[in-house]
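S.K.: Here's my sequence, what's the structure:
(one chain, ligands or ions: 1)
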Amino acid sequence: MTLMKDKKILLGVSGGIGAFKACELLRLFVKAGCTVRVIMTKSAAEFVTPLSFQSLGAESVSVDMFGEKRDTLEHVSWADWGDILVIAPATANIIGKMAGGIADDALSTQFLAFYGPVLAAPAMNVKMFNNPTVQRNIRYLKSIGVNFAGPETGHLASLITAAGRMTEPPGIFAAARQRLIGKNTLAGKKVVVTAGPTKEPLDPVRYLSNHSSGKMGYALADAAAGFGAEVTLISGPTDLTPPPSVTFAPVQSAVDMQKALKRYCSKSDILFMAAAVADYRPANYHKQKIKRSDESMKLELKQNPDLLKSLGDSRPKIVVGFALETENLESRAVEKLRDKKMDIIAANDPTKEGVGFGSDFNQVTLLFKGGKRLKLEKMDKFDLAVRIIDETSILLENHGSKRKK
Ligand SMILES: Cc1cc2nc3c(=O)[nH]c(=O)nc-3n(C[C@H](O)[C@H](O)[C@H](O)COP(=O)(O)O)c2cc1C
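M.R.: Next up, the predicted model:
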């Protein structure tokens with residue numbers, strides 16, 4: 001069972017030029033197994049038609065509060081149905097109405113009656129966005145728990161580059177998924193995640209690396225933010241977009257990662273070591289591109305530092321690692337768990353079909369310091385991240401209570 005399957009999404013669409021992107025957002029929710037009901041403002045219907053959303057898989061679309069079929073006699077019955085209300089795009093107008101308690105159309109009325117998580121993705125002209133009234137409204141809505149995704153700085157419809165551009169649909173989907181975890185067990189906790197491969201430079205154009213896509217680490221950072229943690233993601237080079245509400249610290253080599261870890265780990269509670277850090281780097285960096293010459297060439301390698309051991313006093317309270325082995329998986333994972341004094345190690349075999357490198361799925365066995373062993377089924381990496389964080393939260397809680405005794 002995945003987190004998003006059968007979730008009920010209320011997708012509010014207001015009248016901005018970004019309204020067409022709400023169609024893509026709807027598709028992402030539908031693809032993830034959610035049921036979506038769309039609530040459009042009349043202005044939104046000037047930009048996209050209700051038929052577009054119906055054709056793309058919305059269960060129903062509401063534009064006019066009066067004269068529509070309802071689940072019950074209640075005009076706000078949809079508010080009781082939804083697990084989350086996502087408003088994308090959110091115009092300056094709807095934000096003002098939400099902050100002011102005005103309920104003069106279907107969307108603003110459902111907002112007032114909806115007591116679940118709300119996520120708004122503002123999109124507007126930069127002058128509108130910077131207007132003190134809009135800023136005050138956003139501040140107020142944040143203070144009562146409304147979540148915001150964006151806006152981003154980028155090309156606006158007016159072709160200038162400024163703040164006000166709606167976050168792209170995958171970013172809004174990710175922010176909604178974080179809210180749908182529905183757990184806050186890491187609120188006030190600091191979490192550091194390492195992800196991706198490292199690139200060990202040989203000369204200005206060549207490097208040694210590995211096939212790590214970074215997906216597992218990004219999923220952990222994403223889910224940890226959903227659990228309420230303050231997350232720093234230290235990532236080697238990947239093609240992925242950093243998850244919402246995460247501090248992003250990009251690095252290249254193992255030595256860079258070591259420096260970043262030292263910087264971010266002090267006073268942190270949990271460290272997830274999901275990066276595939278190169279064990280060795282070229283012993284000599286050539287300032288100029290190495291020329292093709294002899295039939296064969298010898299490449300001397302030097303061992304990279306052990307990132308965890310070099311943390312010293314900055315080592316977080318709980319450390320979770322990954323062991324990726326192609327043979328003797330579990331015995332090697334246990335060896336690594338003990339050697340590095342980790343609390344949990346997730347053992348995974350990248351050669352298994354449909355999991356591991358680059359895949360959206362993974363299948364791991366969690367091995368705990370105390371000897372507990374938990375074999376998990378194959379699942380989506382985000383769902384696996386949620387599962388691992390559930391286990392880690394328990395360890396962190398026990399760690400705190402042991403100290404108090
Ligand atoms: C072409 C066009 C584009 C617009 N784009 C935006 C926009 O991106 N953001 C915004 O806040 N308002 C935008 N507006 C203004 C809103 O449509 C207007 O404030 C409207 O009253 C919003 O109604 P609603 O919030 O009920 O959807 C635009 C208007 C036009 C004519």
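
S.K.: Would you enumerate the residues in contact with residue 372?
M.R.: With CB atoms under 8 Å, 6 or more residues apart in numbering as the criterion, the residues that contact residue 372 are residue 366. C-beta: built from backbone N, CA, C; applies to glycine.

S.K.: and it, how far is that from the ligand?
M.R.: 52 Å (CB to the nearest ligand atom, to the nearest Å).

S.K.: Spatially nearest residue to residue 91, not counting backbone neighbours?
M.R.: residue 14 (4.3 Å; CB to CB, 6 or more residues apart in numbering).

S.K.: I'd say that neighbour and residue 90 touch.
M.R.: Yes. Using CB atoms under 8 Å, residue 14 is in contact with residue 90, at 5.9 Å.

S.K.: Assign a three-state SS to the closest residue to the ligand within the stretch 301-405 of the chain, would you?
M.R.: Distances between the stretch 301-405 of the chain and the ligand by CB to the nearest ligand atom are smallest at residue 382, namely 30.2 Å. Put simply, residue 382 is helix when judged by DSSP: H, G, I helix; E, B strand; the rest coil.

S.K.: Kindly list the main-chain dihedrals of the closest residue to it other than its chain neighbours?
M.R.: Nearest residue to residue 382 in three dimensions, chain neighbours excluded: residue 219, at 4.7 Å (CB to CB, 6+ apart). With angles defined as degrees, to the nearest 10, residue 219 sits at phi -60, psi -40.

S.K.: measure residue 219 to residue 310 for me?
M.R.: 26 Å (CB to CB, to the nearest Å).

S.K.: now do residue 379
M.R.: 33 Å.

S.K.: between these two, which one's more packed in?
M.R.: residue 379 (20 against 12; other CB atoms under 10 Å).

S.K.: Let me see the contact set for that one.
M.R.: Applying CB under 8 Å, 6+ apart, the residues contacting residue 379 are 2, 361-363, 387.

S.K.: Tell me where the stretch 201-350 of the chain has strands.
M.R.: Here the stretch 201-350 of the chain has its strands, by DSSP state E, counting those that start in this stretch, at 206-208, 230-235, 246-250, 270-273, 280-282, 301-303, 318-324, 344-348.

S.K.: now those strands as CSV including mean pLDDT and mean neighbour count?
M.R.: Output for those, formatted as CSV (pLDDT from 0 to 100; neighbours: other CB atoms under 10 Å):
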stretch, mean pLDDT, mean neighbour count
strand 206-208, 94, 16
strand 230-235, 97, 26
strand 246-250, 97, 17
strand 270-273, 97, 28
strand 280-282, 95, 18
strand 301-303, 95, 12
strand 318-324, 92, 23
strand 344-348, 93, 25
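
S.K.: can you put the ones you listed in a markdown table and add distance to residue 189?
M.R.: Shown next, in a markdown table, are the strands of the stretch 201-350 of the chain (distance: least, CB to CB, whole Å):
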| stretch | distance to residue 189 |
| --- | --- |
| strand 206-208 | 35 |
| strand 230-235 | 7 |
| strand 246-250 | 14 |
| strand 270-273 | 7 |
| strand 280-282 | 33 |
| strand 301-303 | 33 |
| strand 318-324 | 10 |
| strand 344-348 | 16 |
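
S.K.: so which of those strands comes closest to residue 42?
M.R.: strand 246-250 (36.7 Å; CB to CB).

S.K.: Can you name the residues of the stretch 51-200 of the chain that neighbour the ligand?
M.R.: 91-94, 123-124, 128 (CB under 6 Å from any ligand atom).

S.K.: repeat that with 8 Å
M.R.: 89-95, 97, 105, 107-108, 122-125, 128, 157, 164, 166 (CB under 8 Å from any ligand atom).

S.K.: Domain boundaries for this protein, per the record?
M.R.: Listed domain ranges for the chain are 8-180, 190-280+300-404 (source: automatic domain parsing).

S.K.: where do the helices sit along the stretch 251-400 of the chain?
M.R.: 254-265, 329-339, 381-404 (DSSP state H, counting those that start in this stretch).

S.K.: Check the stretch 201-350 of the chain for the residue nearest the ligand and tell me.
M.R.: Closest point on the stretch 201-350 of the chain to the ligand, by CB to the nearest ligand atom, is residue 244, at 20.6 Å.
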